[in-house]
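Undergrad: kindly return the folded structure for what I paste below:
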Amino acid sequence: MSAVDTIAAQQVHILYADHHGWLYGWLRRRLGNACDAADLAHDTFVRVMASRRPLARLGDEPRALLTHIAKGLVIDHWRRQDLERAYLEALSYLPEPDVPSPETRLVILEALCRVEAMLRGLPPRTRDIFLMAQLDGLTYSQIAEALGTSLITIKRHMRSAFSACLALG
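TA: Residues are numbered from 1 along each chain as shown. Here you go, the predicted model:
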């Protein structure tokens, strides 16, 4: 470990020691759940370490950065809970023999979360066009007519959306 890495590790240790308890309490109040609060507090510090941001630049308000990161993680947590709730509700309508195993459900839920994040990352117009084609089953011509735009514009948006899908892996 280099001297720079040693200093960075010491800074993270100090940041953790000084602020973990406060962050955990803040998250626990927001989430109402000690386990999720502990997980997200941990994830917040993991993000700080992964950011490679010099901790010396945090200045006098390291809690502002920790709060900012934690808020994003809380939003992601709530999105995942909403998605999981909707997925489990959809499964409840299946006959018992067709219900996937817990392992398969987890794989599907992970894929749904990745797709949801990809869709959220698309520009709104591209997302709307993509969903009109994929969920509503509209042709590119029908979408162009409905939105009052050219067919080439629809194709451009669809190409962008498909590229985002391919980037999922």
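
Undergrad: domain ranges for this structure?
TA: Per automatic domain parsing, the structural domains of the chain span 3-91, 99-167.

Undergrad: in JSON lines, list those domains along with mean pLDDT and mean neighbour count.
TA: Every residue, glycine included, has its C-beta placed from N, CA and C. Below are those laid out as JSON lines (pLDDT from 0 to 100; neighbours: other C-beta atoms under 10 Å):
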{"stretch": "domain 3-91", "mean pLDDT": "87", "mean neighbour count": "14"}
{"stretch": "domain 99-167", "mean pLDDT": "94", "mean neighbour count": "14"}
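
Undergrad: isn't residue 99 up against residue 91?
TA: Yes: the pair residue 99 / residue 91 is scored as a contact, 5.9 Å apart, by C-beta atoms under 8 Å.

Undergrad: what's the spacing between residue 107 and residue 87?
TA: 12 Å (C-beta to C-beta, to the nearest Å).

Undergrad: ok, now which ones touch residue 80?
TA: residue 113 (C-beta atoms under 8 Å, 6 or more residues apart in numbering).

Undergrad: does it lie in a helix or a strand, and which?
TA: helix 62-91 (DSSP states H and E).

Undergrad: output the contacting helices and strands for the strand or helix carrying residue 15.
TA: Taking DSSP H and E as the criterion, the element that holds residue 15 is helix 3-31. Secondary-structure packing of helix 3-31 (3 or more C-beta pairs under 8 Å, 6 or more residues apart in numbering; DSSP states H and E): helix 34-51, helix 62-91.

Undergrad: need those in JSON lines (columns: distance to residue 161).
TA: Formatted as JSON lines, these follow (distance: least, C-beta to C-beta, whole Å):
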{"stretch": "helix 34-51", "distance to residue 161": "28"}
{"stretch": "helix 62-91", "distance to residue 161": "19"}
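
Undergrad: between those helices, which gets nearest to residue 24?
TA: Of all the helices and strands packed on helix 3-31, helix 34-51 sits nearest to residue 24, with 4.5 Å by C-beta to C-beta.

Undergrad: and the helix or strand hosting residue 166, how far out from the chain's middle?
TA: Assigned by DSSP H and E, residue 166 belongs to helix 151-167. Put simply, helix 151-167 sits 22 Å off its chain's centre (C-alpha atoms, centre = their mean, to the nearest Å).

Undergrad: quick one: residues in contact with that helix.
TA: Contacts for helix 151-167 (C-beta under 8 Å, 6+ apart): 118, 121-123, 125-127, 129-130, 133, 140-141, 143-144, 147.
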